[in-house]
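Novice: My questions are about this predicted structure, shown below with the sequence.
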Amino acid sequence: MSKHYLKIYVLFTILFLSTSVCVTAQVDSSNLENNNDTSSVLGGIIVDDWGKPLSKVNVVNKNGDLLSVTDVQGKFDLPAGSYQKVYAIHAGFDKAVIHIGSEKNIVFRMHQSYLSEYQIRNNIVYDNSLDSLMSGKLKVLYGDENASGFLGATSTVYGNEISNTPAPQYTYALPGRLSGLSVIQQQGFYLPPLGAQTTQDIFVGNIPNNNSGAGPTDNNQFNIQLRGHAGSAGQSPIVVIDGVQREMYSLDPEEIQSVSILKDALSNILLGQNSSRGALVVTTLQPKIGKPHLTFSAETGIQNSPGLPNPLPAYKYAYLLNEALLNDGKNAAYTADDFTAYRDGSDPYGHPDVDWYKTIIDKNAIMNRYNLNVTGGTNTARYLVSLGYLNQDGFFKTSPDNSYNTNLNLKRYTIDSKIFFKINKDFDLGLNIIGRLQNHNQPGAGASSILSALLTTPNNAYPVYNPDGSFGGTTNYSTNLLAQTTGSGYLSEQERDILVNLDLNYRLDRWIKGWWFKANGNVSVQSASYLNRSKQVPVYAMTVKDGDTTYQRYGSTVNQNNTYTTTSWARYWYARAQTGYDTHIGDNAFGALLMYDQRQTLLNYDLPTVQTNYAFKGYYNYAEKYFAEAAADYGGYDRYESGHRYGLFYAGGLGWDIAKENFVRNNIKWIDKFKIRATYGKTGNANVDDYGYYIWLAHFSQYVPSYQIGSSYPAPTGSQENATLPNVNATWEKAKKLDIGTDISLFDKHLQFTYDYYHERYYDVMQTRGKSIALIGANYPAENIGVDLYTGHEFSLTYQNAAKDFNYFVTGNASIQQSKVVYMDEQYEKYAWNVHTGLPVGERFGLMTDGFIQSATEASNTATIAGYTLVPGDVKYKDLNNDGVIDAFDIAPIGTTKPKIFWGLTFGFSYKGIEFSTLLQGILNNEIYADNLPIDAGFQSQNNGYGQAYEQTETRWTPETATTAIYPRLTAGGNGYNYAPLYTSSALFLHKDNYFRIKNISLAYNLPYKWIKHLGGIGGIKIFVNALNLYTYAQYNLVDPEISLTNYPLQRVFNTGINIKL
């Protein structure tokens, strides 16, 4: 879809449709005297914090019976009766307790809410019905459940928290907010894949390989794991947006109503063969009944890059490189005159000292975001249109000489349109269309290539420009970093997405009361195209000899390309049909549903895939006190061999709300809820494509010999040879999952606590056997042989209250995650420390260290790797088996076995229109392996020369620093013994890396209604500032604890904006 067609579609949709997160938190309002006079008709006026009348406020009694609804002036009247107190409930406001007196037209104030009373673990989404407002409906995978009877484990973040996060997509708001979910940012800017896929990339031996991936994706920035488990192939949870699986993360945060993570077996069982992965359930804004309501927001942010590495100035670099060369028995490269020239800058072309980070990176970059949404309608038809625009710049410098943009840039245009019809009292119909256009721009040399070169280019490699204005370079550096950034043209990728969703809801009460039918159909089309407008310019090395200046050219001039190709496309078809029955007899409530769904995926250069589910779910509860639920799914995936495609998955749960028992309700008034719940089930993970394309078929590789047969026959053009044995018995991975939890609400729901313990045993995990069969000329295929165990604890605690106009809250969560390899097909290991079984999944193995060699005598008496002669300053490895040799028998686990702890803490307040909140987030028992050798080691081979060195290189071993050194002696060009022993890890470079961030701070001011009530129908104006990644403390501070130095760095954002409601 072009931008032209998007504009037409937007205008048409708005014209056609023109013909809140609803949360409740208990807060007392104005207190009046009790009155039992039943003859008078009482009432009042309800306003918000700034005195603006609130219409459509439901006034109910303690049993939830509707007594009155406020009009446009906020007024309500109570029918004759005996009232001591009633309750006012309105979407987006704290529930108010109104004590009834003898006077009429008393003004009662309701406060806007920040937290939901169910926010600890329930995704509460209210509609306009009284039942929903009173009891709460929980958005699950494909529908709603009563929150009071929900037995699963879930955590939720709401739209106000997401929109307070100044970021291009909602994923940025998740770290530290959802217990059980770890969200690690690996890239500070979305970098789309470069180049186009071709049949040559995809096909090997006439059978497609799996390099085509999973189609277009917009998430290469975050690693998302549920309860520490990512599957044997590293999958994230399934993303479900408004009831449909859609792997979309780059959505306008203003369009999000809530994001929930479903964690246990029962909550996810309807996913069938993907139920082990869990689900990230995204609910977007929904249409509201009423006159047209318009909201507009505009914000501008400044991005910068904290924590960039500090390269050594040229004179220090030269001095330390001389030291490294002398340590290697080589001649020094620099003289005292060179040191002087580097220090005083007297020869900037012959002795350059260029800080390349400052040369090609701007200090700040701009991000703009705009959103406009309109909603309204009647009971017959209601609508919502949301338009979003994002313009995010990267940090590369640009040149005014270019007529085009060479910087990183992301432009995103989104439209989300919904229209819901009530055909009659039984039949509802909903249509949702989402359109998204994303344009990605980057330098022609490629942002990733530039960042990698930036890390390894010394300050004295070459000057930026020569005296004649040409780009500087040398024989070892035939490209210039600034030329790559500003003079290499540009690359552009366009991603286009259209998603159409049709929902049907039919109530069959006329035949059987409580019987219903629902259907959903979805078509999604995603495509990406690539425009290559790159070019190349040569560099020149200047030489001055006898007063004459000459220039040697390196590289060549390549004219600007102009190629346009389609890089990927995908088509998704999804259909779901459900029928169910819900009823109650006295205190007994029960129901069931049957479901069928099918998802078809067609990717470029691939055959279609089909996933199918047949499911059943039933529940029972007695007096909202005792709960039981069971579900089963018979799911299939056509990528398995016939006869192995379908499997049965099941789950069940029990719950008991002790607070509903009379002995608690009548004696302990301050306990509102004390529910104990447990679920257990068998789930699946269909990830066979990650281990081979149609793994049950034989695979071949192409072999092209370099010899010819005889003298008169040409050389053969190639043949196919067996690469990996087929596995006709391959099937889905499985898990047995147990979750035991409790939900506690105290003191009129001011204090809430949730705890979950989980025990998840994954078996039939896809792995390759450790034993070798190379003698028969083939490799083992991946097989369902592994067993892993994941256990953990999850806590959430929230306290919220109010003192007159001052509302405050604090909420914290923590997740303790631990894993163990129960079985893997290991070869026989002679020593216990070589064995992986019994250790955490993914445990790092390597050589343990014991400081540095301090003397020649110690060197001659210390075990070493065969063929290497130790000298003072080398790493001293532990000879675990005491055989005098450092070899594979000395490789042992070097990582921690302590459970990893993820935590988050949010607190804030509101006071007379002022709103403040902040999020702290961190990880304990975290480790980082600093295998980025230019940082930890320095002077590694680079472009036939020596790479960059950084400040920490000065902490190397020397005779003078022998007792304080952190790194071994310097060597030039790398030292395999010290930095990559036996091609494995070294404990020297494994660092503790506990860290915490001030992740998000937000401050806002709502202008008083009396200031704006004369401004032509404006209902509210909010001015706000917020920040992202404001501060990070990490034990290992040389690199960010999440993002590698070769990736785009973490961005700190300072943002300001305005929100206007009409």
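Specialist: Noted; the coordinates are in hand. Numbering: from 1, shown residues only.

Novice: out of all of them, which strand in this protein is the longest?
Specialist: The single longest strand within the chain, with elements called by DSSP state E, is strand 563-585.

Novice: who does that strand touch, helix- and strand-wise?
Specialist: In terms of contacts (3 or more CB pairs under 8 Å, 6 or more residues apart in numbering; DSSP states H and E), strand 563-585 is packed against strand 515-534, strand 588-603. For every residue, glycine as well, the C-beta is placed using N, CA and C.

Novice: In a markdown table, list the ones you listed along with mean neighbour count, distance to Y995 and mean pLDDT.
Specialist: Shown next, in a markdown table, are the helices and strands packed on strand 563-585 (neighbours: other CB atoms under 10 Å; distance: least, CB to CB, whole Å; pLDDT from 0 to 100):
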| stretch | mean neighbour count | distance to Y995 | mean pLDDT |
| --- | --- | --- | --- |
| strand 515-534 | 19 | 35 | 93 |
| strand 588-603 | 17 | 38 | 94 |
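
Novice: and Y977, which of the ones you listed is closest to it?
Specialist: strand 515-534 (40.7 Å; CB to CB).

Novice: how distant is the helix or strand just after the closest one from the center of its chain?
Specialist: Counting by DSSP states H and E, the next helix or strand C-terminal to strand 515-534 is strand 539-545. Relative to the centre of its chain, strand 539-545 is centred 49 Å away, using CA atoms, centre = their mean, to the nearest Å.

Novice: what about dumping the CA coordinates of strand 539-545 to CSV?
Specialist: Extracted in CSV, the C-alpha atoms of strand 539-545 (Å, rounded to 0.1, in the frame of the first residue of the first chain):
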residue,chain,number,x,y,z
VAL,A,539,40.2,6.9,0.0
TYR,A,540,43.8,8.3,-0.3
ALA,A,541,46.9,7.9,1.8
MET,A,542,49.0,11.0,1.8
THR,A,543,52.8,10.8,1.7
VAL,A,544,55.2,13.7,2.1
LYS,A,545,58.8,13.1,1.0
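
Novice: buried ones in it?
Specialist: V539, Y540, A541, M542 (16 or more other CB atoms under 10 Å).

Novice: Now that strand: average pLDDT?
Specialist: In this model, strand 539-545 has a mean pLDDT of 92.

Novice: elements contacting that strand?
Specialist: Judged by 3+ CB pairs under 8 Å, 6+ apart, the packing partners of strand 539-545 are strand 548-554.

Novice: Tell me the strands beside the strand it packs on, with direction?
Specialist: Using DSSP bridges, strand 548-554 pairs in its sheet with strand 539-545 (antiparallel).

Novice: Other residues contacting the partner strand?
Specialist: Residues from elsewhere that reach strand 539-545, judged by CB atoms under 8 Å, 6 or more residues apart in numbering: 349-350, 462-463, 466-467, 470-475, 477-480, 483, 549-555.

Novice: just stretch 1003-1016 next, same as before
Specialist: 48-52, 913-916, 1018-1026.

Novice: cool, stretch 462-474 as well?
Specialist: Stretch 462-474 is contacted by residues 348-349, 352, 354, 359, 461, 477, 479-480, 482-483, 487, 537-542, 549, 551, 554-555 when judged by CB under 8 Å, 6+ apart.

Novice: Just the endpoints, please. Distance across that stretch?
Specialist: End-to-end distance for stretch 462-474, by CA to CA, to the nearest Å: 7 Å.

Novice: So which bits of that stretch are buried?
Specialist: For stretch 462-474, by 16+ other CB under 10 Å, it's Y462, P463, V464, Y465, N466, S470, F471, G472, G473, T474.

Novice: domains for the protein, by residue range?
Specialist: Listed by automatic domain parsing, the domain ranges of the chain are 20-113, 849-893+927-993.

Novice: Look up how far Y317 lies from G945.
Specialist: To Y317, G945 is 12 Å away according to CB to CB, to the nearest Å.

Novice: Between those two, point out the one with more neighbours.
Specialist: Y317 (25 against 19; other CB atoms under 10 Å).

Novice: Look up phi and psi at the more buried one.
Specialist: phi -60, psi -50 (degrees, to the nearest 10).

Novice: just the one 5 residues further on next, same as before
Specialist: Comment: the main-chain dihedrals of N322 come out as phi -60, psi -40, following degrees, to the nearest 10.

Novice: surely it meets N331?
Specialist: No: counting by CB atoms under 8 Å, N322 sits too far from N331 to count as a contact (9.1 Å).

Novice: which one of the domains of the chain has the lowest average pLDDT?
Specialist: When I compare those, domain 20-113 is least confident, with a mean of 68.

Novice: List the residues that contact S448.
Specialist: L191, T1046, N1047.

Novice: give me the element it is part of.
Specialist: Taking DSSP H and E as the definition, S448 sits inside helix 447-456.

Novice: and that helix, how far out from the chain's middle?
Specialist: Relative to its chain's centre, helix 447-456 lies at 24 Å (CA atoms, centre = their mean).

Novice: pLDDT on it, on average?
Specialist: 92.

Novice: How about stretch 557-577?
Specialist: Mean pLDDT, stretch 557-577: 89.

Novice: for the stretch 351-500 of the chain, what spans make up the strands?
Specialist: 365-377, 381-393, 409-422, 427-443, 489-507 (DSSP state E, counting those that start in this stretch).

Novice: Tell me the predicted confidence for the nearest residue to R507 once chain neighbours are set aside.
Specialist: Residue nearest to R507 in three dimensions, not counting chain neighbours: D426, with 4.4 Å by CB to CB, 6 or more residues apart in numbering. Here the pLDDT value assigned to D426 is 94.

Novice: going forward, begin numbering at 13 instead of 1
Specialist: In the new count, where the first residue is 13, that last one comes out as D438.

Novice: Would you mind measuring from D438 to L520?
Specialist: Counting by CB to CB, the gap from D438 to L520 is 7 Å.

Novice: Same question for I680.
Specialist: 43 Å.

Novice: So between these two, which is more surrounded?
Specialist: Neighbours per residue (other CB under 10 Å) separate I680 from L520, with L520 holding more: 15 against 12.

Novice: Quick check, the more buried one in contact with W528.
Specialist: Yes: assessed by CB under 8 Å, L520 is found in contact with W528 at 6.0 Å.

Novice: Who are the contact partners of Y989?
Specialist: So Y989 contacts T876, I877, Y880, D886, V887 (CB under 8 Å, 6+ apart).

Novice: so it sits in a strand?
Specialist: No: Y989 is assigned helix when assessed by DSSP: H, G, I helix; E, B strand; the rest coil, not a strand.

Novice: Roughly how far does it sit from I906?
Specialist: Y989 sits 17 Å away from I906, going by CB to CB.

Novice: K328 now?
Specialist: Relative to I906, and taking CB to CB, K328 is found at 32 Å.

Novice: likewise I524?
Specialist: With the distance defined as CB to CB, I524 ends up 65 Å from I906.

Novice: Compare those two and say which is more crowded by neighbours.
Specialist: Between I524 and I906, counted using other CB under 10 Å, the more crowded position is I906 (21 against 10).

Novice: so that one sits right up against F1001, yeah?
Specialist: No: contact status for I906 versus F1001: not in contact, 9.7 Å apart, counting by CB under 8 Å.

Novice: Having no further points to raise, I will conclude here.
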